[in-house]
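**Q** Sequence below, structure please.
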Amino acid sequence: MRFKWVDYGTEYEEEIDKWMDDEWVTKYAVDESIKADYASVMALDKITLNENYACKVVFDGDALIAVVVLTVQHKPIHLAEKLIGIDCIIVAPTERRKGYGVKINREIVEHIDIIMPALQGANYIFDSEIDASHDVSLRMTEGAGFVQAEQTDDGWAIMMYPSSALARYRKYLAAFMENGKDWVEYL
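**A** Numbering: from 1, shown residues only. Predicted coordinates for the structure are as follows:
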């Protein structure tokens, strides 16, 4: 692995807090989801970081370059044993436009069992919801091999990895949306 992945701790709070006022976070966290994800991490006394939820800080050498929030859903829509949600990647403002977003996404999909050891041996797919108006985030996610599964009415692009999961996801979504029947019949 190229990067060092460390569980979030309060020793990183001051530096990462400064990133929250950055123009990119303010502009593209339209629904406050990025700030909400980060805020939930800040309330460590109210949540438990465990095999289903992780907040990691990412280092390149000694430099803190990003904070990442990951969630795990078990047996989601029978596409895989586990669905890993890449809920939030915030790259340090001074480190943007250096390719870190793509590299971090790639490292997540290639080494999730090391980043989150409880997932070793599991069959999983990944998803990420991206503001569809933010070209940089879309390119970053696509550059790591994600494909767009759908775009929501409120402007979010649902991105999935690997692309082989896409057909099953669309089949599930169509069956569920059309008649509300139990989607398991359609898989």
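**Q** For whichever strand in the chain runs longest, buried residues please.
**A** What stands out as the longest strand in the chain, according to DSSP state E, is strand 63-74. Neighbour counts over strand 63-74 (16 or more other CB atoms under 10 Å) mark Leu64, Ile65, Ala66, Val67, Val68, Val69, Leu70, Val72 as buried. C-beta: built from backbone N, CA, C; applies to glycine.
**Q** Quick check: the fifth one vs Ser164, distance?
**A** Yep, that's Val68 we're talking about. For Val68, the distance to Ser164 equals 24 Å [CB to CB, to the nearest Å].
**Q** likewise the third one?
**A** Taking CB to CB as the measure, Ala66 and Ser164 are separated by 27 Å.
**Q** Gln148: what's its closest spatial neighbour, skipping adjacent residues?
**A** With sequence-adjacent residues excluded and distances taken as CB to CB, 6 or more residues apart in numbering, Gln148 is closest to Ala157, at 5.2 Å.
**Q** which element follows the helix or strand bottoming out on mean pLDDT in the chain toward the C-terminus?
**A** Every helix and strand in the chain was compared by mean pLDDT, DSSP states H and E; the lowest is helix 33-42, with a mean of 54. Scanning forward in sequence from helix 33-42 by DSSP states H and E, the next helix or strand is strand 53-60.
**Q** any idea of the mean pLDDT for that next one?
**A** For strand 53-60, mean pLDDT is 90.
**Q** That one vs strand 63-74, what angle?
**A** 150 degrees (axes from the mean of the first three to the mean of the last three CA atoms, to 10 degrees).
**Q** residues near the closest residue to Gly155 other than its chain neighbours, how many?
**A** In this structure, Gly155 finds its nearest non-sequential neighbour in Ala132, 5.1 Å apart by CB to CB, 6+ apart. A count of neighbours around Ala132, defined by other CB atoms under 10 Å, yields 17.
**Q** doesn't Trp156 make contact with Ala132?
**A** Yes - using CB atoms under 8 Å, Ala132 makes contact with Trp156 at a distance of 6.2 Å.
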